[in-house]
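S.K.: Structure, please.
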Amino acid sequence: MKIFFRSNQLVLNSKEEFILFGLNSQGGLEYTLLDSSSQILNRFLLHKDNVLKYDIDIDTSDKIHLIALMKSGELNYSLYENGNWSNAIIAKFDLQSKVYGDINILAESNNIDIIYGYANLINSKLWTIQHVTGYNQSWEQNIVVKFASNKNTASYIIDRDSLGNIQLIYNSVEGYISQIYHTFYNTYAKKWNPSPQKISTSNINKIFPYIFVDTKNNIHSLWLEDLDRNRILKYSRFGSDGERKYIWNQVKIPYIPNCSNYPIIFEEKGLLKIIYNKSDSIGYIYSADYGNTWYHGEDNQINFSNTKLIKISNYLRDSKDIKINHIYASIEKDLDFIFLDYFMPSDIELSNTEEDMKETIEKDRLENIEAKIDELLNMQQTVNFILSENINSQKKIEKNVEYILEILMNKKSSFFDKLFK
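M.R.: Residues are numbered from 1 along each chain as shown. As a prediction, this is how the structure comes out:
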């Protein structure tokens, strides 16, 4: 089984250019400039070598913000603006006594949020998630949460809503079982929720947590339940409206067993897609009502040797019906996004796949309605049968009551005859 690490990242700027970042075998950080049809325009080298991990974001002013943890422990911050890079060392990490997890950056025009996890080597199963926020020379540090991991690595992932609040989920060991927890940072109060909420319930180990906030501010979480090496896709929803508002609710989805990697979710023109992969195939399920109901999509055979899990940073973060944080793509001569149509050139008309998708959604909706009608008819037949049985039973009871009254009247008459003779 191939585990995808998020070593490739893609930036979409206001010119509709793609900038693909990645680490080479020497730890060098490279990036490739592509046009809107994914054709390579140029290649560049930002860091020659010694990069351990990095993260990127682009703000609404089209500035690219990049942080890179070097083998020396230096945390480099790079800013791409007006065609030029500027670089600065903003921290020094202790790689001699600590191990570090993923590093995440969220960029606004006047604020930077950096979130990372670490553990001491002498107790590498006790993890701390740290939040650093600020800009220029003014920075603040806060501990998000401390938790236990059953491995020497920790799984956590973040997203933000339209108000700028940071949403985070992570794995934490409870007893001997790994569970999924959710917490958040309120950007107005500038505080983290002090009481993370457990959103998983079963006594089965969970792996590969994923969080996604859609354009309507509904929060979606995914993970795999590892049951005797059968990894089953699970989904939970935190709605922003309706009867289940502000409550985590595990929604029923099609049964997807034997998953082998990170599940992801994205929104494309109001349609949510959950992408899952197995040992030799990749597929998706979809929802047209922001996660309340889900349907099977496709499941295709794929060559995973050229397939990457890519993080997306898009300057169009305030789009009303499109949001993509990660995507699976094959990388050969160009980028081929899997189950994604949004990054097509803008002059292409509505694709057949989108028309087919809308037709499929309508067909599934009608089939769902027909199934509910059939269910109601069956229930009506059952009710009619029960009513008929009750009526027959009532008639029998009435006959029995008449018979008993008749006997009582006869016995009463006989008693009075004897008494007054």
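S.K.: Name the spans of the stretch 301-421 of the chain whose pLDDT lies under the cut-off.
M.R.: By pLDDT under 70, the low-scoring segments of the stretch 301-421 of the chain are 316-318, 333, 342-393, 395-396, 398, 400-421.
S.K.: quick one: the helices in the chain?
M.R.: For the chain, the helices identified by DSSP state H occupy 352-420, in order along the chain.
S.K.: Helix or strand with the lowest mean pLDDT in it?
M.R.: For the chain, counting by mean pLDDT, DSSP states H and E, helix 352-420 ranks last in confidence among helices and strands (a mean of 60).
S.K.: Stretch 319-327 spans what distance, first to last residue?
M.R.: One end of stretch 319-327 sits 17 Å from the other (C-alpha to C-alpha, to the nearest Å).
S.K.: List of residues touching that stretch?
M.R.: If you take C-beta atoms under 8 Å, 6 or more residues apart in numbering as the criterion, stretch 319-327 is touched by 6, 10, 159, 212-215, 262, 264, 266-270, 275, 309-312, 314, 316-317, 337-338, 340, 342. The C-beta positions use only the backbone N, C-alpha and C, and glycine is treated the same way.
S.K.: again, 6 Å this time
M.R.: Counting contacts by C-beta atoms under 6 Å, 6 or more residues apart in numbering, the residues outside stretch 319-327 that touch it are 215, 264, 266-270, 310-312, 337, 340, 342.
S.K.: Just give me the neighbour total for the residue nearest to residue 61 when sequence neighbours are not counted.
M.R.: Leaving out its chain neighbours, the residue that sits closest to residue 61 by C-beta to C-beta, 6 or more residues apart in numbering is residue 109, at 5.0 Å. Other residues lying near residue 109 total 9 when counted by other C-beta atoms under 10 Å.
S.K.: cool, residue 162 as well?
M.R.: In terms of burial, residue 162 registers 14 neighbours under the definition other C-beta under 10 Å.
S.K.: same deal with residue 320?
M.R.: 9.
S.K.: For residue 45, list each beta-bridge partner.
M.R.: Beta-bridge partners recorded for residue 45 (DSSP bridges): residue 30.
S.K.: now do residue 104
M.R.: Taking DSSP bridges as the rule, residue 104 bridges to residue 115.
S.K.: likewise residue 67?
M.R.: Taking DSSP bridges, one finds residue 55, residue 77 as the beta-bridge partners of residue 67.
S.K.: wait, what's in contact with it?
M.R.: 55, 77, 105.
S.K.: pretty sure residue 232 is in contact with residue 225, am I right?
M.R.: Yes. At 4.8 Å, residue 232 and residue 225 qualify as touching, with contact defined as C-beta atoms under 6 Å.
S.K.: With neighbour numbers in mind, choose between those two.
M.R.: Comparing residue 232 with residue 225 by other C-beta under 10 Å, the one with more neighbours is residue 225, at 19 against 16.
S.K.: tell me the contacts of the more buried one?
M.R.: With contact taken as C-beta under 6 Å, 6+ apart, residue 225 is in contact with 204, 206, 232, 234.
S.K.: what do you get for residue 257?
M.R.: Counting by C-beta under 6 Å, 6+ apart, residue 257 makes contact with 230, 232.
S.K.: Could you measure from it over to residue 283?
M.R.: In this structure, residue 257 and residue 283 are 12 Å apart, going by C-beta to C-beta, to the nearest Å.
S.K.: Thanks a lot, catch you later.
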